[in-house]
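Peer 1: next comes the sequence, and after it the predicted model I'd like to discuss.
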Amino acid sequence: VSSTQPLFDRVAIIGIGLIGSSLALALRQSGLAGSIVCGDASEQHVKMAMELELVDEAMTDNAQAVRDADLVILSTPVGTLGGVAESIGPHLKKGCIVIDVGSVKQAVISAVAPHIPANAFYIPCHPIAGTEESGPEAGFAELFQERWCLLTPLPGTDEAALDKVRQVWRKCGAKVEVMEPATHDRVLAMVSHLPHGVAFTAIGAADALAGDLKQEVIRYAGSSFRDFTRVAASDPIMWRDIFLNNREAVLDILRRFKTDLAALEQEIVRGDGAALERRFEHGRALRRGVTGGRFVEPPVLKDAGK
Ligand code: NAP
């Protein structure tokens, strides 16, 4: 993150949680923002944002927070973004750029775009960066370093505005790519939403085990299971909203996954060692491709959603 001339006199961040506070810190370091203000529904988070010196001003009134802002960042949970956009729409400065960071794109665009006035620019974004923590204390300036940020602009988006948004993410350390919203939702259903669904389910299955066995599971949990518990520690509201709002893509990937899981089950039932070996060899080869940078386009995604 390097220092530069402010690109925006005033930046407003609505929702000063993990992503909002990380952006506040990264923007401050980058020198892209003259001043930063935040709006958040939680009085406690507003107080914390000032105590932690994340922003110059903080308030619970979102409409007040966006006044005179040249860049408005919406970083509240996916299910709240439409309501937030509706409440700030009439108060946006002419020519201001609005971005959201929601983990789902098609549903968020449908909810937000109608509330952004024609004299402002709306550019949906998704930084693929996060931790299982939430709230303003969880943020850190390096969160976006070397991580992807996917932009899913609407047709006819102003090139100059798009370019400014690219600069914001690059200055925060991210690698930027433009993508169709539908493609984004299918890719994320596979690489993020499915793994989270599996982790939440696996933890639930372990918890449902009876008495002694459960204690032994907790005691002897190896690194694979610990990875599940880390992923399953993610924010429940965020994940509720992601599954509700990326319904089609997630259901499609879940169906494919269940088919494959049933095939694995049958191979075990049949005692089909050759099939199991082929399956695991394939998995290992894919992984080696990933680490060697060759797992660019997972085959499972090529016809996803058909
Ligand atoms: P978070 O830490 O829970 O922060 C969200 C903040 O927004 C909280 O302070 C919350 O207050 C506040 N808020 C909720 N409703 C609001 C409203 N109507 N008006 C103003 N403030 C409101 O969540 P996060 O992890 O930063 O996620 C924020 C967004 O980034 C989500 O859309 C998520 O999908 C996306 N995202 C998250 C990750 C990740 O890994 N965490 C990664 C990429 C993108 P309360 O806590 O009091 O509700």
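Peer 2: On my side now, so go ahead.
Peer 1: so which bits of the stretch 101-250 of the chain are right by the ligand?
Peer 2: Proximity of the stretch 101-250 of the chain to the ligand, by C-beta under 6 Å from any ligand atom, involves residues 101, 102, 103, 126, 127, 130, 134, 135, 235, 238. The way it works is simple: take the backbone N, C-alpha and C, and place the C-beta from them, glycine included.
Peer 1: mind redoing it with 5 Å?
Peer 2: Applying C-beta under 5 Å from any ligand atom, one finds that the stretch 101-250 of the chain approaches the ligand through 101, 102, 103, 130, 134.
Peer 1: so which of these wins on neighbours?
Peer 2: Sorting these by how many neighbours each has (other C-beta atoms under 10 Å) puts residue 102 first, at 27 neighbours.
Peer 1: am I right that that one sits in a strand?
Peer 2: No - per DSSP: H, G, I helix; E, B strand; the rest coil, residue 102 lies outside any strand segment and is coil.
Peer 1: state the number of residues packed around residue 140.
Peer 2: Residue 140 has 15 nearby residues by other C-beta under 10 Å.
Peer 1: give the contact list for it.
Peer 2: 22, 25 (C-beta atoms under 8 Å, 6 or more residues apart in numbering).
Peer 1: try the one 10 residues further on
Peer 2: Contact criterion C-beta under 8 Å, 6+ apart gives 105, 125, 126, 128, 176, 177, 178, 179, 184 as the residues in contact with residue 150.
Peer 1: are any of these buried, and which?
Peer 2: 105, 125, 126, 128, 176, 179, 184 (16 or more other C-beta atoms under 10 Å).
Peer 1: narrow these to those in helices?
Peer 2: Those of those mapping onto helices are residue 184, per DSSP state H.
Peer 1: okay, the buried ones among the contacts of residue 150 in CSV with pLDDT next?
Peer 2: Below are the buried ones among the contacts of residue 150 laid out as CSV (pLDDT from 0 to 100):
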residue, pLDDT
105, 98
125, 98
126, 98
128, 96
176, 98
179, 97
184, 98
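Peer 1: of all the buried ones among the contacts of residue 150, which two lie farthest apart?
Peer 2: 105 and 176 (14.9 Å; C-beta to C-beta).
Peer 1: I'd like to know which elements the strand or helix carrying residue 283 is packed against.
Peer 2: Secondary structure assignment for residue 283, by DSSP states H and E: helix 273-291. In this structure, helix 273-291 packs against helix 247-270, with contacts taken as 3 or more C-beta pairs under 8 Å, 6 or more residues apart in numbering; DSSP states H and E.
Peer 1: mean confidence for the helix it packs on?
Peer 2: On average, the pLDDT along helix 247-270 is 97.
Peer 1: may I see the buried residues of that helix?
Peer 2: Neighbour-count burial for helix 247-270 [16+ other C-beta under 10 Å]: 249, 250, 252, 253, 254, 267.
Peer 1: now those residues as JSON lines including distance to residue 144?
Peer 2: Converted to JSON lines, those look like this (distance: C-beta to C-beta, whole Å):
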{"residue": "249", "distance to residue 144": "24"}
{"residue": "250", "distance to residue 144": "25"}
{"residue": "252", "distance to residue 144": "29"}
{"residue": "253", "distance to residue 144": "26"}
{"residue": "254", "distance to residue 144": "29"}
{"residue": "267", "distance to residue 144": "41"}
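Peer 1: ok, of those, which one's closest to the ligand?
Peer 2: residue 250 (13.8 Å; C-beta to the nearest ligand atom).
Peer 1: pretty sure the closest one contacts residue 189?
Peer 2: Yes - counting by C-beta atoms under 8 Å, residue 189 is a contact partner of residue 250 at 4.8 Å.
Peer 1: on that earlier part again, mind checking which of the contacts of residue 150 land in strands?
Peer 2: 125, 126, 176, 177, 178 (DSSP state E).
Peer 1: now do the helices in the stretch 51-200 of the chain.
Peer 2: In the stretch 51-200 of the chain, the helices defined using DSSP state H, counting those that start in this stretch lie at 62-66, 81-88, 106-112, 159-171, 181-188, 194-208.
Peer 1: who wins for proximity to residue 258 among those helices?
Peer 2: helix 194-208 (10.8 Å).
Peer 1: and the angle from that closest one to helix 247-270?
Peer 2: 60 degrees (axes from the mean of the first three to the mean of the last three C-alpha atoms, to 10 degrees).
Peer 1: following element in sequence after helix 194-208, please.
Peer 2: That would be, after helix 194-208 and using DSSP H and E, helix 211-220.
Peer 1: ok, now which ones touch the residue most central in space within the chain?
Peer 2: With distances taken as C-alpha atoms, centre = their mean, residue 103 lies nearest the centre of the chain, 3.6 Å away. Contacts here follow C-beta under 8 Å, 6+ apart; on that basis residue 103 touches 78, 126, 188, 192, 238, 242, 246.
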